[in-house]
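Enquirer: would you be able to build a 3D model of this:
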Amino acid sequence: MKTWIAATLAVAITPFAQAQTKWDLPSGYAVNTFQVQNLQWFADEVDKASAGKLKITLHPGASLYKANEIKRAVQTGQTQAGEFILSGAANENPLFGIDSIPFLATTYAEARKLNDIANPYLEKLLAGQNLKLLYTVPWPGQSLYSKKPLASMQDLKGSKMRAYNPATTRVAEYVGAQPVTIQLAELPQALATGSVDNFLTSSASGVDSKLYEHVKYFYDVNAWLPRNAVVVNLKTFDALDKATQAAVLKVAQAAGERGWKMSDQKDDEYLKELSAKGMQVDRGSDTLKRELKVIGGRMTIEWLKTAGDDGRAIIDAYRAAVPR
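Expert: Predicted coordinates for the structure are as follows:
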């Protein structure tokens, strides 16, 4: 009798076990960031929408892979899905860096328009790398943090400027600073040891990583809104049944919309908190903005020379939609 019961249970359990799929989803960002909180929401909602058939385990804080390793890990199938900052891959293809051209898109409305125009090209590019784009979410505008007060970009000459993508490296070169490549998770330590003097990053990063403990000057130049992308290995996605694929895509669309709203809403909150933590927050920064716009114009020309027909098509469509 016991043998019969055990066999019956095994038959009942086995189909469920076989039907359930598990994904790992690494992120280079801390659990307290709105990006990772949105990732967790995505994972939880996929579980519900797939009736438990797809379980996604989130690995924040570079605990599974470092931030700059995640894209490659998903491409090669070492992990099923992942989140990475698109502009970090701009050395592979200029299209990955379109959202980090200074002063091309400086508001959420402009960034959303650029996102909508560029995404079909991005999806095609990623598919050629065995990746499927699920959704993108921008960080708040990239602004300038400094240990010392700045009157103009000339004051950055000779300093050590943190870089996290080709665009920030190029900005550092333009102003005569030494670019130092450091991922966000390592930035507080780099500041504490004097490896970095200044950097461009969002208000969110300033709060989440407690950067106000190391730098006291914040200039709200809002140079660009870089996007994080959530991707899945294309073969892994294709292996899902059609119903589960549809569930993932539906939740991904909702997560994207949710993330854009969160980013926009939290930006002002973050700026107020930076000020409350003792930072001198300059919301005007007119001189710095003017100088960065000049750099942005030059970088746009440079970008177009390398981005080919697709890059030109995106910029032309964007300029038609957002006339200056």
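
Enquirer: wait, what's in contact with the residue nearest the centre of the chain?
Expert: The chain has residue 228 as the residue nearest its centroid, 2.2 Å off, counting by CA atoms, centre = their mean. Residue 228 sits next to 29, 35, 83-86, 136-139 when contact means CB atoms under 8 Å, 6 or more residues apart in numbering. All C-beta atoms are positioned from the backbone trio N, CA, C, and that covers glycine.

Enquirer: could those residues go into a markdown table alongside distance to residue 50, neighbour count and pLDDT?
Expert: Shown next, in a markdown table, are those (distance: CB to CB, whole Å; neighbours: other CB atoms under 10 Å; pLDDT from 0 to 100):
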| residue | distance to residue 50 | neighbour count | pLDDT |
| --- | --- | --- | --- |
| 29 | 25 | 27 | 95 |
| 35 | 23 | 23 | 97 |
| 83 | 20 | 29 | 98 |
| 84 | 24 | 25 | 97 |
| 85 | 27 | 26 | 96 |
| 86 | 27 | 25 | 97 |
| 136 | 22 | 22 | 98 |
| 137 | 22 | 24 | 98 |
| 138 | 27 | 24 | 97 |
| 139 | 29 | 24 | 96 |
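
Enquirer: sort out which of those are in strands and list them.
Expert: 83-85, 136-138 (DSSP state E).

Enquirer: widest-spaced pair of these?
Expert: Across the ones in strands among the contacts of residue 228, the longest distance by CB to CB is 13.8 Å; it joins 84 and 138.

Enquirer: mind listing what's buried in stretch 58-67?
Expert: Across stretch 58-67, burial judged by 16 or more other CB atoms under 10 Å covers 58-62, 64-65, 67.

Enquirer: same question, stretch 174-191
Expert: Neighbour-count burial for stretch 174-191 [16+ other CB under 10 Å]: 174-175, 177, 179-180, 182-187, 190-191.

Enquirer: and what of stretch 149-169?
Expert: For stretch 149-169, by 16+ other CB under 10 Å, it's 150, 153, 155-156, 159-169.

Enquirer: just those now: which is nearest residue 293?
Expert: Closest approach to residue 293 among the buried residues of stretch 149-169 (CB to CB): residue 153, at 10.9 Å.

Enquirer: how close does the closest one get to residue 77?
Expert: 44 Å (CB to CB, to the nearest Å).

Enquirer: now do the SS call for residue 231.
Expert: Here residue 231 takes the strand state, with states given by DSSP: H, G, I helix; E, B strand; the rest coil.

Enquirer: identify the residue spatially nearest to residue 264, adjacent ones excluded.
Expert: residue 108 (4.8 Å; CB to CB, 6 or more residues apart in numbering).

Enquirer: quick one, what contacts the one you found?
Expert: 138, 225, 260, 263-264.

Enquirer: so which of the residues you listed are in strands?
Expert: Here DSSP E is the test, and those give residue 138 as lying in strands.

Enquirer: just curious, which of the contacts of residue 108 is nearest to residue 98?
Expert: For those, the nearest to residue 98 is residue 225 (11.5 Å; CB to CB).

Enquirer: please enumerate the strands of the stretch 101-250 of the chain.
Expert: In the stretch 101-250 of the chain, the segments counted as strands under DSSP state E, counting those that start in this stretch are 131-138, 143-146, 160-163, 178-181, 198-201, 217-219, 227-233.
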